[in-house]
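J.: Any chance you could fold what I've pasted below:
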Amino acid sequence: GIISLIRAAVPSCSAAVRRDFARGPFFRTFLEGRARIARLLTLMHEAELLGVVLPEFEPLTCFAHFDYVHEYTVDSHVLLALWEFEDIERDPDSRFHPLAVQMKSRAAFRLAALLHDCAKPLDGDHSVIGAQMARSACGRFGFSEEEVDFVEFLVREHLILSVAVRHRDMADANLISELIRRIGTRDRLNALFLLTHCDIRATHPANWTGYLDECFWALYALLSKRLEMHGDTPPFEQALAVYHPSGSEEPSRAAIRVHCERVQDPGYRNGTDFQTILAHVSLAEAHRPGEIGMHIVRHETHCTVSFVADDRPGMLRDFSGILTASGQSILSGRGAMRMDGVVFDTFNVCNAWQGGPMDAEREELLRTRVAGLAAGTCSPEALMRQFRASRARSMPPAVGVPVFARFDNDLAQTATTLEIRAPDKPGLLYEILSILTDFGCDIRFIIVSTQANMAFDVFTITGPGGGRLMDEAHRDRLQQHLLSSLTA
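T.: Sure thing, here's the model as predicted:
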């Protein structure tokens, strides 16, 4: 075929191609085009011509990046990201379409997408090294200095939004300020957000889940407001300023503010959806000692379940166990306590078997078990034993997988971040939370992610006396207990 003929001719014409096509503005003009550029680039790669024009791309050919996210070789992944971009451009119904059509330089964006993983085969931080390689490549194709800076920025920062959503607590004001500093403008945010979406979808379309979509758009909205007219006004203050109670049953602004001031977690008000805070205030006003209040909000892809109860050790662990045993897959969670000893534990969950929000039957089962927990007739530990026994053979084991439990005291000012990677198994989260509770840790925030039977979980925790886990011996003991459990 024609591809074979071109491939055979490449060695004899490569010098001419480099002179006429790989230098000067021609390739930049080509990348700026609207007509199926991703297909043409794919054909060029199949004909072994793309690596001649763009030598930085050549080492990616058939290069496999071994992790639990990427389904394809790096060259295929990069080209798929460009296909994703063009699909969005052609689909006016896509939520990302406005970001694509408003792109100032389509050529610069495409080149950044082509080169965002160009340093993967090299040792070191591939984002930083790749940004340097991308700047050098831009110099050959006649890009303006503004476009060169734009390409370098996208390659260098192409992971920061993904890391923020998947591994950090977005209620952390320092995190948001750092993202604003590194991104700088609305145009750069739009392009970076679009590249992040295309990058994740190109690992495998299933990796961009409905819940992940909501999380990314929430971060995008937060950063957009900070970059535009709202300055440094926190999201909670913005929501409270426009809130008007529609009746006597809805809490007043004063009650909401007093409630938030009494919550001891500094990330609570900006890390919790405003509607969920309203539900917490109403639940707190109706709370009686010994009771457990519950509130469920249904979203398109998941449910937000809030519990209000008197504090005791292991409360968040017990709620997670009841949710799991009631057929819910936990996506994230946040624990907060008021000065009066009332706790507000909030989870985002979806149906563990079918996805989507909780059905009516599961909700009734959950309410029954929560009432039993309050009455002392329902044991989360016993429920989890039954659950693990029923699911023991339903999940194939991940063999030969490296397991880790890492602590970081630099990501948050007042808490320690714990990252865990381990083979997924029924009741894994409950198991981890049990160990953390036994070691006197208070769990503020949880992110749960599962891919290819592997769990990637992130916890924001404080020690027995509050604050970060600074006692190295205590951390080492905790780490050993976690690793022993995760590898059992």
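J.: For residue 64, give me its contacts.
T.: 73, 74 (CB atoms under 8 Å, 6 or more residues apart in numbering). The way it works is simple: take the backbone N, C-alpha and C, and place the C-beta from them, glycine included.
J.: How is it assigned, secondary-structure-wise?
T.: At residue 64 the chain is in coil, as set by DSSP: H, G, I helix; E, B strand; the rest coil.
J.: what's the spacing between it and residue 119?
T.: 15 Å (CB to CB, to the nearest Å).
J.: any idea how far residue 453 is from residue 154?
T.: When residue 453 is compared with residue 154 (using CB to CB), they lie 32 Å apart.
J.: So for these two, which residue has more residues nearby?
T.: residue 154 (24 against 15; other CB atoms under 10 Å).
J.: and that one, what does it touch?
T.: Contacts of residue 154 (CB under 8 Å, 6+ apart): 108, 109, 112, 113, 116, 188, 191, 192, 195.
J.: Which of those fall in strands?
T.: Of the positions in the contacts of residue 154, not one sits in strands, assigned by DSSP state E.
J.: tell me which of the residues you listed is nearest to residue 53?
T.: residue 113 (15.4 Å; CB to CB).
J.: so who does the closest one touch?
T.: Contacts of residue 113 by CB under 8 Å, 6+ apart are 78, 81, 82, 85, 154, 195, 198, 199.
J.: can we see that at 10 Å?
T.: 31, 38, 41, 78-82, 84-85, 151, 154-155, 158, 194-195, 198-199, 202 (CB atoms under 10 Å, 6 or more residues apart in numbering).
J.: For residue 438, give me its contacts.
T.: 313, 314, 317, 478, 481.
J.: can you count the residues close to the nearest residue to residue 89 once chain neighbours are set aside?
T.: Of all residues not flanking residue 89 in the chain, residue 100 sits nearest, at 4.7 Å (CB to CB, 6 or more residues apart in numbering). Applying other CB under 10 Å, we find 22 residues neighbouring residue 100.
J.: What separation is there between residue 100 and residue 191?
T.: On the measure of CB to CB, residue 100 and residue 191 end up 10 Å apart.
J.: try residue 272
T.: Applying CB to CB to residue 272 and residue 191 gives a distance of 30 Å.
J.: Please report how far the residue nearest to residue 194 when sequence neighbours are not counted lies from residue 171.
T.: In space, and not counting its chain neighbours, residue 194 is closest to residue 99: 4.7 Å by CB to CB, 6+ apart. Distance, residue 99 to residue 171, by CB to CB: 25 Å.
J.: Could you list the low-pLDDT ranges of this structure?
T.: Where the chain drops to pLDDT under 70, the residues are 1-24, 66-70, 229-233, 392-401, 452.
J.: out of the contacts of residue 113, which are inside helices?
T.: 31, 38, 41, 78-82, 84-85, 151, 154-155, 194-195, 198-199, 202 (DSSP state H).
J.: quick one: the strands in the chain?
T.: So, for the chain - with DSSP E - the strands run 293-298, 303-310, 328-337, 342-351, 404-408, 416-423, 442-451, 454-462.
J.: Can you say which of the ones you listed is nearest to residue 259?
T.: strand 342-351 (9.2 Å).
J.: quick one on the thing from earlier: list the residues that are in contact with both of residue 100 and residue 191.
T.: Common neighbours of residue 100 and residue 191, counting by CB under 10 Å, 6+ apart, are residue 109.
J.: My read is that residue 42 contacts residue 86, right?
T.: No: look at residue 42 against residue 86 with CB atoms under 10 Å: they stay out of range, at 11.0 Å.
J.: any residues in contact with both of those two?
T.: Common neighbours of residue 42 and residue 86 (CB under 10 Å, 6+ apart) are residue 36.
J.: So residue 339 sits against residue 265, correct?
T.: No: contact criterion CB under 10 Å: residue 339 and residue 265 do not qualify, at 11.4 Å.
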